[in-house]
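S.K.: build the 3D model from these lines:
(chains A and B)
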Amino acid sequence: MGLLSWGMYPKIKNKIFSLRSKEALGAYIEKTDEFIPHGNGRSYGDCALNENILYAKRYNNFLAFDELSGTLTCQAGVLLSEILDTFVKRGWFLKVTPGTKLITIGGAIASDVHGKNHHVEGCFSECVLAFDIMLPNGEIKSCKKGDELFRATCGGMGLTGVILAAKINLKKINSKNINQTTIKTKNLKETFEAFENYQEMPYSVAWIDCLAKDEEIGKSLLMVGDFADDGDLDYKSKKKLSIPFNFPSFALNNLSVKAFNTLYYAKAKDGVSRQKVDIDTFFYPLDAIGNWNRIYGSGGFTQYQFILPKESSFEGLKEILTKISASGKGSFLAVLKLYGKENGNYLSFPLEGYSLALDFKIEAGLFELLNTLDESVVKYGGRIYLTKDVRVSSEMFEKGYPLVEKFRAFRRENNMDKKLNSLQSKRIKI
Amino acid sequence: MSYILIIGAKSDIAKEVARVYAKAGYNLYLAARECSSLEDLKQDIEIRGGVEVELKEFDITAYATHENFYDSLKKRPLGVIVVSGYMAEQKTAQKEWIETLNTINVNYTGAISILNIVANDFEKERRGFIVGVSSVAGERGRKANYIYGSAKAGFSAYLSGLRNRLHESGVQVLTVKPGFVDTKMTEGLDLPQKLTASPSEVAEDIFNAQQKGRNILYSKSIWMIIMLIIKHIPESIFKKMSI
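M.R.: Have a look, this model is predicted:
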């Protein structure tokens, strides 16, 4: 059974070994020339793909929970959704969560994921107190904030070892509901102003219409919010709808994308409106549709996500949005967000500025378009997100990550560069 | 809250079945050989579910111990779920009798030994449920897997008869027939993704079918149709096939 990533591209054959015990893992590492750890397969591109895959999802026991401090210790294959199912009703939530709860703890660390509260809480690594990791020589290291191994592993795309278990801090909540405010903006300038005006809100993200042209470029729905305080912790994760097969490729043509964006945007009230929504609606809207990746057809898709420093964001986004709009290769979903300060991890994606994420169906001419977008990203001092990437060149990648040489050296010194590789790590030469 | 007894608790399916029942608030007896290796799972379930979990040493092929084992449970279980299974590699089992015997003993003889005891108790008490995890491999013998398949066929027939007998006493018997499941047992096999269930899918299916009082469950449900077709291929053709 070949494992795919979320983008269903590329499709390669692989041999899978399931992580079940440290002993078996030690033996596997010793006899396997090269492999990559793989969690729940929600990264979009080729960062968790190789001929040999270490499948970590079955290694998923909770190990300890301290009800006073909200400190959870669990094995690396535990899904964020399992944490929510267990702890929201007891008044705890993840300090940092990305837009899907269907990822493993190991994956969250390896991608150093971030969420709608990055400008306040930073990346996932901020809530990680410590973790255990098996190095390529079979040694298990306990590692905590401040260690070089920690800085290399958080955001390190699984290339430093196999994360076994982690100790993380949860956040106290008094409701499963979020008081949400939606702000409808008419152009990029208004969108930026809205982000600045609502900066004190802990959660914020904008859905942007990528097909808008000329003076409408950047028109968005900015959604900001914070947990309610109504004591309602009766959380049950919703039953999923699912898309049982790959859509035929004509299902997602330019017109249907445009119609979707128009409907979504038109549905929102003008100006500012307020809603009370639950955790799943606010944080994980797409998880409600299982396998939504299938709407792009069996050829697969990719997500292009980049970030630009704040001072060059306005010019840069305008240029990139113009290129996308002119190409007519639209995105079902484009997400814009203002981030907080960057951390010291070698390959973590976030920096202070604006990030945009867009989905593209894999088709002829796409990679050429993305190459020209790379040039704009680099020109404005930005970088692209490895967890979403499937095609960036080594040169373009490097320009965005000033600490990459430290990462490479660390891998070499610790003999990680031979054993642990993904298709991506080989392509971008890390 | 009532206790559920899970026999063969070390398997991937059993682990997920345990979690599903714990989530619904049931306390658990987890029975397996060398059950101390289940300490991690016990802890996990206690953190997730806030239920009581007791590990019980149990050897399904040590038939003489089964009566005492069942009597040693401090509270009679409301339900018993037999997940134990052993799948010898067919070619090895053809040559090595011990492998064949072990397949029969784990999948058939041992399961029946413990379920006879459980059934007598439940019949007397006129309550409870029994879930037996059999296999679609028991529906028709194929050259690729008929030693395991024939043991599971026997187990399915046993469960069918047991259901018939216990119907009057109001005891539910559910026969579970998983198709391909992505577990330790099938690791390394090249299984078709669309026909392969994850252990947690099978566990959810078992819980739902049991709670609804159903008799037979195929998981994934597509296997009901696949097996219907396979069962109806004329023998003169079937014997020439490689499936």
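
S.K.: count of neighbours near residue 233?
M.R.: Just going to use chain A. 17 (other CB atoms under 10 Å in any protein chain shown). Placement of C-beta: from N, CA and C, glycine included.

S.K.: not quite, I wanted chain B
M.R.: Number of residues near B:Ile233 (other CB under 10 Å) recorded here: 13.

S.K.: so it belongs to a strand, correct?
M.R.: No. Applying DSSP: H, G, I helix; E, B strand; the rest coil, one finds B:Ile233 to be coil, outside a strand.

S.K.: contact partners of stretch A:24-36?
M.R.: A:17, A:19, A:47-54, A:134, A:136, A:138, A:158-159, A:162, A:164, A:418-422, A:425 (CB atoms under 8 Å, 6 or more residues apart in numbering or on different chains).

S.K.: cool, and stretch A:364-374?
M.R.: Contacts for stretch A:364-374 (CB under 8 Å, 6+ apart): A:302, A:304, A:306, A:320, A:323-324, A:327, A:329, A:360, A:384, A:391-393, A:396.

S.K.: save the residues you listed as JSON lines, and put in pLDDT and secondary structure too.
M.R.: JSON lines is the format used below for the contacts of stretch A:364-374 (pLDDT from 0 to 100; DSSP: H, G, I helix; E, B strand; the rest coil):
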{"residue": "A:Thr302", "pLDDT": "94", "secondary structure": "strand"}
{"residue": "A:Tyr304", "pLDDT": "96", "secondary structure": "strand"}
{"residue": "A:Phe306", "pLDDT": "98", "secondary structure": "strand"}
{"residue": "A:Ile320", "pLDDT": "94", "secondary structure": "helix"}
{"residue": "A:Lys323", "pLDDT": "92", "secondary structure": "helix"}
{"residue": "A:Ile324", "pLDDT": "90", "secondary structure": "helix"}
{"residue": "A:Ser327", "pLDDT": "88", "secondary structure": "helix"}
{"residue": "A:Lys329", "pLDDT": "83", "secondary structure": "coil"}
{"residue": "A:Phe360", "pLDDT": "91", "secondary structure": "strand"}
{"residue": "A:Ile384", "pLDDT": "97", "secondary structure": "strand"}
{"residue": "A:Arg391", "pLDDT": "97", "secondary structure": "coil"}
{"residue": "A:Val392", "pLDDT": "98", "secondary structure": "coil"}
{"residue": "A:Ser393", "pLDDT": "97", "secondary structure": "coil"}
{"residue": "A:Met396", "pLDDT": "97", "secondary structure": "helix"}
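
S.K.: now, of those, which are buried?
M.R.: Buried residues within the contacts of stretch A:364-374, defined by neighbour count using 16 or more other CB atoms under 10 Å in any protein chain shown: A:Thr302, A:Tyr304, A:Phe306, A:Ile320, A:Ile324, A:Ser327, A:Lys329, A:Phe360, A:Ile384, A:Arg391, A:Val392, A:Met396.

S.K.: redo those as a markdown table? Include distance to A:Ser111.
M.R.: Converted to a markdown table, the buried ones among the contacts of stretch A:364-374 look like this (distance: CB to CB, whole Å):
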| residue | distance to A:Ser111 |
| --- | --- |
| A:Thr302 | 16 |
| A:Tyr304 | 16 |
| A:Phe306 | 15 |
| A:Ile320 | 23 |
| A:Ile324 | 24 |
| A:Ser327 | 28 |
| A:Lys329 | 25 |
| A:Phe360 | 20 |
| A:Ile384 | 13 |
| A:Arg391 | 18 |
| A:Val392 | 15 |
| A:Met396 | 19 |
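
S.K.: which one of those is nearest B:Ile104?
M.R.: Nearest to B:Ile104 among the buried ones among the contacts of stretch A:364-374, counting by CB to CB, is A:Thr302 at 51.3 Å.

S.K.: quick one: name the residues of chain B near chain A.
M.R.: Residues of chain B found near chain A (CB under 8 Å from any CB of the partner chain) are B:12, B:23, B:40-41, B:43-44, B:47-48, B:182, B:184, B:187, B:190-193, B:196, B:199.

S.K.: buried ones among the residues you listed?
M.R.: Buried members of these, scored by 16+ other CB under 10 Å, are B:Asp12, B:Leu41, B:Gln43, B:Asp44, B:Ile47, B:Arg48, B:Asp182, B:Leu191, B:Thr196, B:Pro199.

S.K.: inside strands: which ones of the residues you listed?
M.R.: Of those, the ones assigned to strands by DSSP state E are B:Thr196.

S.K.: among the buried ones among the residues of chain B next to chain A, which one has the lowest pLDDT?
M.R.: Minimum pLDDT across those is recorded for B:Leu191, with 81.

S.K.: number of residues surrounding the residue lying closest to that residue once chain neighbours are set aside?
M.R.: Nearest residue to B:Leu191, sequence neighbours excluded (CB to CB, 6 or more residues apart in numbering or on different chains): B:Phe180, at 4.6 Å. Other residues near B:Phe180 come to 18 when the count uses other CB under 10 Å.

S.K.: please apply the same query to A:Lys361.
M.R.: As a burial measure, A:Lys361 scores 23 neighbours (other CB under 10 Å).

S.K.: which pLDDT value belongs to it?
M.R.: So A:Lys361 comes in at 91 (pLDDT).
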